[in-house]
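K.L.:
Any chance you can model this:
(chains A and B)
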Amino acid sequence: MRSLFKRTTLSDRQERAVQKTLKNLHAQRRNRFRVLACIDGSDDSFITVRFAARLAPNDDCDIIVLFVRPIDQGLWSGGLQLRLARQNMMDAGFELPGVRDLKKALAILKEEGIDPESWPREASQQDAWGDPAGDTKVEYRSPGGRTVVLKLKTAPDAANGILDQYELGPYNLMILGEPSRWRGEIQSWFDAGVVQQVALMAPCSVLVARKSLDKKGFFICTDGTSRSMQAVRRAAVLAYVAREPITLFSVATTEAGRPAAEEAVANAKALLKAMKIDVADTRTAVGNPAEEIIEASPMHLLVVVTDEGRSRLQRIFRGSTAIEVVRGARTSVLDVR
Amino acid sequence: MSAVAAASFELARDSLQAHEPSARLSRLRRLGYQRYRHVRSQIDLFTLWEKRWFFIALIVGALLIVAPTPSGLTHEGQIVLAMSVMATILFITEPVPLPTVPLLIIVGQVALLGLDPTKVAQSLMTDSVLFIMGSLMLAVAIVKQRLDKRIAWWIVRMTGTNIYWISFGITAMCGALAAFIGEHTVAAMMLPVGVTIITLASNDPKNVRNIAAIVLFSISYGCSIAGVATPSGGARNAIIISYWKDFFYNPFDPATYRYLVDYVTWMQYAFPMFLLRLPIVTILLMATFKPETTDMSRSVARLRTQVMMEGPLKPSGWLTIAVFILTILGWIFLSEQLGLGIIALIGVCAFLVLGLVRWEDINSGVNWGVVLLYAAAISLGVEMKATGAAEWLAQSFLFVLAWMGAGTGAAFDLALSLLTIGVSNTMTAGAAIAVLGPIILKTAVVAKVDPIIAGFIAAISSAFGYLTPAAQPAFTIIYASGYLKGADFFKIGIKMMVVSVAILMLLASLYWPMLNH
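P.N.:
As a prediction, this is how the structure comes out:
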């Protein structure tokens, strides 16, 4: 009777072994800076791969390029399974649409100075959601220990697939393309776009990439709280490694609050100075934080905002500057968590 | 600099952190986020919202059943209409897997209408359903034979290397095949050929975007325009043939024998629809997508190399062609005696006996839910007639048409056509005809229009869903190649729809009255 309520059929010893293996794998991955670049095949989405190459330039960084393919809808094809047509394509030597796009991502990485094709590679495949094409992964590992992974994943929808990928190996940063639509807080419960859904639910920092690669500099925003200072510190390290100049920015809601804003950027500057990271510029403004950040930032490579960590319910009543900036900015936005 | 940075900072430690997923997930973590969401989706409000159309359909159905019965309609008829409305809502919105709908229809027939379960089960399997099932099984057998490149080579040998002629050749060949074996079969079979031609034209798909559109649309439109040409072109044709027989045929009345429409009669009516639109497809494609180059000799040369490397056609290939041709001849000459479905099944058996296809392939290639769907939909259609619901609805519909001035003649035909197009753009053509068929045929009777003509208008119009990739099986398959955008379908589809309706109206008013069937 007890077995009815047991979640797994493994014996306790096997279960412990599985847990240990997973723990080791996670521990290994925790020592790496892992970046997940999501593409959907559109020309604009490949900017995520370029961002990944630039923000993860060292041997301690791994880049995972992900393409999520939806599960086939059987009845649309009038009774003949769509997978038959797909199988026919593969038999004829053609790739599934996602494979073509992942290869293009590989070519882009090469343009950015990372050439995984010269490294040893390993491929693996597993069934997913009853689809024979399933999840396919090609892993390139450089002699220096760096890995580049191309992953074609099958999932009920793109957002689900991306969030599931996070579960398979925690990532330090997820890079997504520009959102085509962004709903209000309440509406997003029922009908959110892929980028919005992932940006709101991802446990790690999210970079929403827009066409800003020709610009320079991290525009790091702070409100002086300890949470925000942590974010400044971590984003500044990333900027330093990516060799990008740093601008610190703080907004006061009223003129009376300007000294506090100035103090916040001064503190942030001092913190970075202690870390031997130079700050190119510091600025403050007065007004609505999200609007001021959006107004002041378009000429930078990316804006860094600190996620307030608010739940959906809290966001409905209190709003979120970070999410507003992610939604409205005219340049790329890094939402630090 | 990089070395200095690496010495000073370790990105994984000092920069952005990889947080563990929410602690609440810990037990389910290994099962994956999707499964967590799946479990969560069983209980949270979001699922209720996702499945809202299912609940709306149930509520609407319940309200329709308990509402006062309108005069002229029986209570059983009212229940059947309520079930049809629910099925239509579920077909269009797809809140639950579509095979669930036929299962619910079957349950409803017994639970709500109080029919004998054995009779309901018997009404599910008709010759038309066998025919749809057999056609799908034949489709898998034929697609598995990999004759695509040879067919492509036959096409270009006749057409030469000009893209205009190649497009016409592909449309004609796909049409000729799709007229006999179901449009989805041909689309699935010819898709690799289309992609071969495109990839051989240029390595970068972006440079040949318009050529890609022309080649792929030539395949899908070839399949689509020919899908109505013969009964075996698509499920919708078999369904309307089944309705004619069920509604009007009486073995003791020779005057009703004309409602037993055989293979050749269908072709007399519908084949011109294919022939007339054949050149128009190429013209529309060329006008809509200007090809980057007209000379495809590079593609053709490489295609020839590939075909030559495959060597001569193997005995299994010849056997496939032979069985296929014999099946078509059986449909043409023996369908009156044996029925279309039995001949299709004989073809499938021949493929299996000769070892040309494995049962496993057929089992995984056919979407059995669709067979169930058509079986239940036809069964419900017959029930609509038996309870008088179809007639009552037809009278109401005709009243509206007459009020709009479309109660007779060409205006009536146009109204039927537009109604079917509207519905078939929102659900698969077969389901649209299964739902609309009884109403349209009964409306024709009430309006004193020949049900044969009304049936043809409905069946052919249901193939005019051109606007979205999901509107037709061939479109969905072509769209899966990843070369086309959703907007491309609308761009060419709207023109194709207008032209098709115009040609159908011409045939209905000028050609069909001349046929003395």
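
K.L.:
From now on I want contacts and neighbour counts done on CA atoms only, so please keep to that.
P.N.:
Will do.

K.L.:
Stretch B:48-56: which residues count as buried?
P.N.:
By 16 or more other C-alpha atoms under 10 Å in any protein chain shown, the buried positions in stretch B:48-56 come out as B:53-54.

K.L.:
Between the two ends of it, how far is it?
P.N.:
Start and end residues of stretch B:48-56 are separated by 11 Å (C-alpha to C-alpha, to the nearest Å).

K.L.:
how about it, does it get close to chain A?
P.N.:
Yes: applying C-alpha under 8 Å from any C-alpha of the partner chain, one finds stretch B:48-56 in contact with chain A at B:49-50.

K.L.:
ok, and what's touching that stretch?
P.N.:
Stretch B:48-56 is contacted from outside by A:190, B:89-90, B:93-96, using C-alpha atoms under 8 Å, 6 or more residues apart in numbering or on different chains.

K.L.:
got the residues of the stretch 101-250 of chain B near chain A?
P.N.:
Near chain A, when you scan the stretch 101-250 of chain B using C-alpha under 8 Å from any C-alpha, you find B:136, B:139-140, B:143-144, B:146, B:184-185, B:188-189, B:191-192.

K.L.:
Narrow those residues to those that are buried.
P.N.:
For these, buried by 16+ other C-alpha under 10 Å: B:136, B:139-140, B:143-144, B:146, B:184-185, B:188-189, B:191-192.

K.L.:
where's A:R337 relative to chain B, distance?
P.N.:
Relative to chain B, A:R337 is positioned 8 Å away (C-alpha to the nearest C-alpha, to the nearest Å).

K.L.:
Which residue, neighbours along the chain excluded, lies closest to that residue?
P.N.:
Among residues not flanking A:R337 along the chain, A:S205 sits closest, at 4.8 Å (C-alpha to C-alpha, 6 or more residues apart in numbering or on different chains).

K.L.:
What are the boundaries of the helices in the stretch 1-150 of chain B?
P.N.:
Using DSSP state H, counting those that start in this stretch, the helices of the stretch 1-150 of chain B run over B:2-8, B:11-14, B:33-41, B:45-50, B:52-66, B:75-93, B:100-111, B:117-124, B:127-143, B:148-159.

K.L.:
Now mean pLDDT too, for those, in a markdown table please.
P.N.:
Output for these, formatted as a markdown table (pLDDT from 0 to 100):
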| stretch | mean pLDDT |
| --- | --- |
| helix B:2-8 | 46 |
| helix B:11-14 | 82 |
| helix B:33-41 | 56 |
| helix B:45-50 | 66 |
| helix B:52-66 | 92 |
| helix B:75-93 | 86 |
| helix B:100-111 | 91 |
| helix B:117-124 | 89 |
| helix B:127-143 | 83 |
| helix B:148-159 | 81 |
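
K.L.:
Highest mean neighbour count across these, which stretch is it?
P.N.:
Counting by mean count of other C-alpha atoms under 10 Å in any protein chain shown, helix B:127-143 has the highest mean neighbour count of the helices of the stretch 1-150 of chain B, with a mean of 25.

K.L.:
What helices and strands are in contact with that helix?
P.N.:
Contact here means 3 or more C-alpha pairs under 8 Å, 6 or more residues apart in numbering or on different chains; DSSP states H and E; on that basis helix B:127-143 packs against helix B:163-181, helix B:183-201, helix B:235-248, helix B:340-353, helix B:359-365, helix B:368-386.

K.L.:
what's the most buried one of those?
P.N.:
Taking mean count of other C-alpha under 10 Å, helix B:183-201 is the most buried of these, at a mean of 26.

K.L.:
and the angle for that helix with helix B:235-248?
P.N.:
Interaxial angle of helix B:183-201 relative to helix B:235-248 (axes from the mean of the first three to the mean of the last three C-alpha atoms, to 10 degrees): 160 degrees.

K.L.:
Now do helix B:183-201 against helix B:127-143, angle only.
P.N.:
Interaxial angle, helix B:183-201 versus helix B:127-143 (the same axes, to 10 degrees): 20 degrees.

K.L.:
what mean pLDDT does helix B:183-201 have?
P.N.:
In this model, helix B:183-201 has a mean pLDDT of 80.

K.L.:
now the helix or strand just after that helix, how far from the centre of its chain.
P.N.:
Note on helix B:183-201: by DSSP states H and E, the next helix or strand toward the C-terminus is helix B:209-226. On the basis of C-alpha atoms, centre = their mean, to the nearest Å, helix B:209-226 sits 16 Å off its chain's mean C-alpha point.

K.L.:
So for helix B:209-226, mean pLDDT?
P.N.:
Per-residue pLDDT over helix B:209-226 has a mean of 90.

K.L.:
residue contacts, the residue nearest to A:R337?
P.N.:
Counting by C-alpha under 8 Å, 6+ apart, A:S205 has contacts A:172-174, A:334-337, B:16-18.

K.L.:
Just the pLDDT for the residue in the stretch 401-517 of chain B that chain A sits nearest to.
P.N.:
Nearest residue of the stretch 401-517 of chain B to chain A (C-alpha to the nearest C-alpha) works out as B:P473 at 3.8 Å. pLDDT, B:P473: 77.

K.L.:
Break down chain A into its helices, ranges please.
P.N.:
Taking DSSP state H as the criterion, chain A contains helices spanning A:12-30, A:47-55, A:82-91, A:97-111, A:158-168, A:194-201, A:226-241, A:258-274, A:289-296, A:312-318, A:321-328.

K.L.:
what's the most buried one of those?
P.N.:
For the helices of chain A, the highest mean count by mean count of other C-alpha under 10 Å goes to helix A:47-55, at a mean of 24.

K.L.:
Can you give me the domain boundaries for chain A?
P.N.:
Domain assignment for chain A by automatic domain parsing gives A:32-208, A:218-336.

K.L.:
mean pLDDT lowest for which of the ones you listed?
P.N.:
Among the domains of chain A, domain A:32-208 scores lowest, at a mean of 83.

K.L.:
What separates the first and last residues of that one, distance-wise?
P.N.:
End-to-end distance for domain A:32-208, by C-alpha to C-alpha: 22 Å.

K.L.:
Next, report how far that domain is displaced from the centre of its chain.
P.N.:
11 Å.

K.L.:
one step back: check the contacts of A:S205 against B:A480 and report the nearest one.
P.N.:
A:M174 (27.2 Å; C-alpha to C-alpha).

K.L.:
Verify the stated contact: the closest one with A:L207.
P.N.:
Yes: here A:M174 reaches A:L207: they are 6.1 Å apart, a contact under C-alpha atoms under 8 Å.

K.L.:
out of the domains of chain A, which comes closest to B:M273?
P.N.:
domain A:32-208 (21.2 Å).
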